[in-house]
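>>> what shape does this take:
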Amino acid sequence: MIRIPLCLFVAPASFALLCAALGAFAQIPAAGPDAAQMVCFANARLIDGRGRVFDNATLLIRGDVILDVGVANPGCDITQDLTGKTVIPALVNTHAHLGWEAYGDWGSQFFTDENLIDHLYRHAYYGVGTIISTGSDKEDVALRVKLEQQKGNIGGARYHLSPGLGSPGGGPNPRLTDDPDYWGVNPVADPEQGVRTVRDLAARGYRIAKIWIDDRDERRGAQIKVAPEIYRAVLNEAANQDIRIIAHATTLADHKALVAAGSRRFIHMPYDAAVDDEYLEMVRRNNVYIVPTLGMITKREPWYVPAFRDPFFHDQVPPAVLESLNENYSPPPAERSAAEEQRSAMLAANLLKLKDQVILGTDAGAVGDFFGYADHVELALFVRMGMTPMEALVASTSRAAEAFGLDTVGSLAAGMAADFLILDANPLDDIANTRLIDEVYLRGQRVDRKGLRALWTEEN
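I've put the predicted structure just below:
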């Protein structure tokens, strides 16, 4: 629950910023039981996030922790009958860029306490319980918000930030780095600098970091890849410091070289070639996790549905934003070349071969996708390209959490965080049923989705 008296405890330099951020959400407190009460969510279908289903089961929680799953009512203080409902773990998104999106505008000037907190609540509204923001977070704002969330003063999705490393002048896509106030890359020009940077991040408490490998910085003239000797040094020191590195790489050759060097997490799957048996053996033997970001690469498919045409997206924006998105939309061509058809088939085949290594990530906030909403789009794309609904749910919950050592989220089991969705229909019948959200609970507290919806859709 957001507590406005927090402003009394914030350092003077950030007083106005944080108070303004909290003020925007003051009228939508979380709602839930007292921390001492045992609450039973009874008679539900429970999908635990690890591939198991419990029918007519009971989920027991106390405070922000799950006590048990699947047992009969042991005499709870509060019982909620969920007959006909399905409960799944809150989603875990391992790749987004918070703070820049302003729903009608975009840029570093929007990376404020208020906007960052807003993005955490947007994820929560759509049932995303944990979000990792990768390589573009303004550190002073991000750490201030993260600290207040850890204190219990800010709700929304659990926030993890991961600093970025890359070649000097390179790394992120030009949309970010063309912004004169971009701050996201720690340059690593040689192995020694890579080691020093990793040690510095570890000393500052970071346990997740991103490294851009590719050379897509053509607008700035560098076009320099991170050399193998540099990323080997980074990966080795990260292992020593217990930092989980996720590598941004898009080619099959780079993926193979990085796995051989010790990389175990990737943003993007190979987009340039069909994955071969050698690569599949490497990723399976080393338990490599891959964020395919399908939503980013399917926008030109003829079946793509833009957000402004989807009623599920309308919950979080006023009509003026929908009108603007419609006016600026450029639809894909009615006909596609044979090469485009072949590439689409290759990407679908790659995903299907890698399905047991896939985890959820959206790239939302950097490429025109929208927080929380994009997660459900990605789930649907997993299934469209051949995964079963259960495989898609595992990839988006327990496996995504395991990839980054987030051992209290992503599944419904005793001792885990009480982060879950109550759905009106079974997503194993149709993955689109993840959109039929009755309630979202994070930290054992009900997210006030009605209040958030009213706040976001009201015209200013």
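>>> what secondary structure does the nearest residue to Ser108 once chain neighbours are set aside sit in?
Once flanking residues are discounted, Ser108 sits nearest to Asp181: 4.1 Å by CB to CB, 6 or more residues apart in numbering. C-beta here means a position set from N, CA and C on the backbone, and glycine is covered the same way. Classification of Asp181 using DSSP: H, G, I helix; E, B strand; the rest coil returns coil.
>>> for Asp181, grab the count of nearby residues.
9 (other CB atoms under 10 Å).
>>> let's number from 25 now, not from 1
Renumbered: residue one is now 25, and that last one reads Asp205.
>>> so it makes contact with Gly123?
No: with contact defined as CB atoms under 8 Å, Asp205 does not reach Gly123; the gap is 11.8 Å.
>>> Asp79 should be in a strand, yeah?
Yes: remark: Asp79 belongs to a strand, assigned using three-state DSSP.
>>> give the contact list for it.
Going by CB atoms under 8 Å, 6 or more residues apart in numbering, Asp79 touches Arg69.
>>> please report how far it lies from Cys100.
Distance of Asp79 to Cys100, given as CB to CB, to the nearest Å: 20 Å.
>>> the residue nearest to Leu200 when sequence neighbours are not counted: what's it in contact with?
Nearest residue to Leu200, sequence neighbours excluded (CB to CB, 6+ apart): Tyr206, at 5.5 Å. Contacts for Tyr206 were tallied using CB under 8 Å, 6+ apart; they are 132, 160, 196, 200.
>>> chain center to the one helix or strand the last one maps to, what's the gap?
Which is Leu200. Assessed by DSSP states H and E, Leu200 sits inside helix 198-201. Averaging C-alpha positions (CA atoms, centre = their mean, to the nearest Å) puts helix 198-201 20 Å from its chain's average.
>>> packing partners of the helix or strand hosting Arg308?
Here Arg308, judged by DSSP H and E, is contained in helix 301-309. Helix 301-309 sits against helix 276-285, with contacts defined as 3 or more CB pairs under 8 Å, 6 or more residues apart in numbering; DSSP states H and E.
>>> what residues of the helix it packs on count as buried?
Buried positions in helix 276-285, judged by neighbour count with 16 or more other CB atoms under 10 Å: 276, 278-283, 285.
>>> what about stretch 455-471, how long is it end to end?
Length of stretch 455-471, first residue to last, CA to CA, to the nearest Å: 22 Å.
>>> how far out from the middle of the chain is it?
On CA atoms, centre = their mean, the centre of stretch 455-471 falls 16 Å from that of its chain.
>>> in that stretch, what's buried?
Of all the residues in stretch 455-471, those buried under the rule 16+ other CB under 10 Å are 455, 457-461, 463-469, 471.
>>> which ones among those map onto strands?
Residues of these located in strands (DSSP state E): 461, 463-466, 469.
>>> what number of residues lie near Val77?
Val77 has 13 neighbours, counted by other CB under 10 Å.
>>> again, but for Thr275
15.
>>> give me the pLDDT value at it.
Here, the pLDDT recorded for Thr275 equals 95.
>>> Ala358 too?
The model's pLDDT for Ala358 equals 78.
>>> can you give me the distance of it to Ala369?
Between Ala358 and Ala369 the distance is 19 Å, computed by CB to CB.
>>> higher neighbour count, those two?
Higher neighbour count among Ala358 and Ala369: Ala369, with 11 against 6, using other CB under 10 Å.
>>> mind checking what secondary structure that one has?
When classified by three-state DSSP, Ala369 comes out as helix.
>>> shaky segments in the protein?
Within the chain, the ranges that satisfy pLDDT under 70 run 25-57, 95-98, 240-247, 483-484.
>>> dead centre of it: give me the residue that sits there.
Asn117 (2.2 Å; CA atoms, centre = their mean).
>>> Asp239 belongs to a helix?
No: counting by three-state DSSP, one finds Asp239 to be coil, located in no helix.
>>> now it: how far from Gly286?
Computed as CB to CB, the Asp239 to Gly286 distance reads 21 Å.
>>> residue boundaries of the strands in the stretch 175-324 of the chain?
Here the stretch 175-324 of the chain has its strands, by DSSP state E, counting those that start in this stretch, at 182-186, 188-190, 209-211, 232-236, 268-272, 289-291, 313-315.
>>> er, the stretch 25-174 of the chain actually
Counting by DSSP E, counting those that start in this stretch, the strands of the stretch 25-174 of the chain are 62-71, 77-86, 89-93, 102-105, 110-113, 115-120, 152-158.
>>> for stretch 473-484, C-alpha coordinates in CSV please.
Extracted C-alpha coordinates of stretch 473-484, given in CSV (Å, rounded to 0.1, in the frame of the first residue of the first chain):
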residue,chain,number,x,y,z
ARG,A,473,-7.1,-2.5,-11.1
LYS,A,474,-10.4,-0.5,-11.2
GLY,A,475,-8.7,2.5,-9.6
LEU,A,476,-5.7,2.3,-11.9
ARG,A,477,-7.9,2.0,-15.0
ALA,A,478,-9.8,5.1,-14.0
LEU,A,479,-6.6,7.0,-13.4
TRP,A,480,-5.1,6.1,-16.8
THR,A,481,-8.1,6.4,-19.1
GLU,A,482,-9.3,9.8,-17.8
GLU,A,483,-8.6,12.6,-20.2
ASN,A,484,-6.3,15.3,-18.7
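>>> Met440 contacts Leu430, correct?
No: the criterion here is CB under 8 Å, and Met440 misses it with Leu430 at 10.6 Å.
>>> mind saving the C-alpha coords of stretch 275-288 as PDB?
Extracted in PDB, the C-alpha atoms of stretch 275-288 (Å, rounded to 0.1, in the frame of the first residue of the first chain):
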ATOM      1  CA  THR A 275      23.400 -13.800 -34.800                       C
ATOM      2  CA  LEU A 276      23.900 -17.600 -34.600                       C
ATOM      3  CA  ALA A 277      27.700 -17.200 -34.700                       C
ATOM      4  CA  ASP A 278      27.700 -14.700 -31.800                       C
ATOM      5  CA  HIS A 279      25.400 -17.000 -29.800                       C
ATOM      6  CA  LYS A 280      27.700 -20.000 -30.300                       C
ATOM      7  CA  ALA A 281      30.800 -18.000 -29.400                       C
ATOM      8  CA  LEU A 282      29.200 -16.500 -26.300                       C
ATOM      9  CA  VAL A 283      27.900 -19.800 -25.000                       C
ATOM     10  CA  ALA A 284      31.400 -21.300 -25.500                       C
ATOM     11  CA  ALA A 285      32.700 -18.300 -23.400                       C
ATOM     12  CA  GLY A 286      30.300 -19.000 -20.600                       C
ATOM     13  CA  SER A 287      27.200 -16.900 -21.400                       C
ATOM     14  CA  ARG A 288      24.000 -18.500 -20.100                       C
END
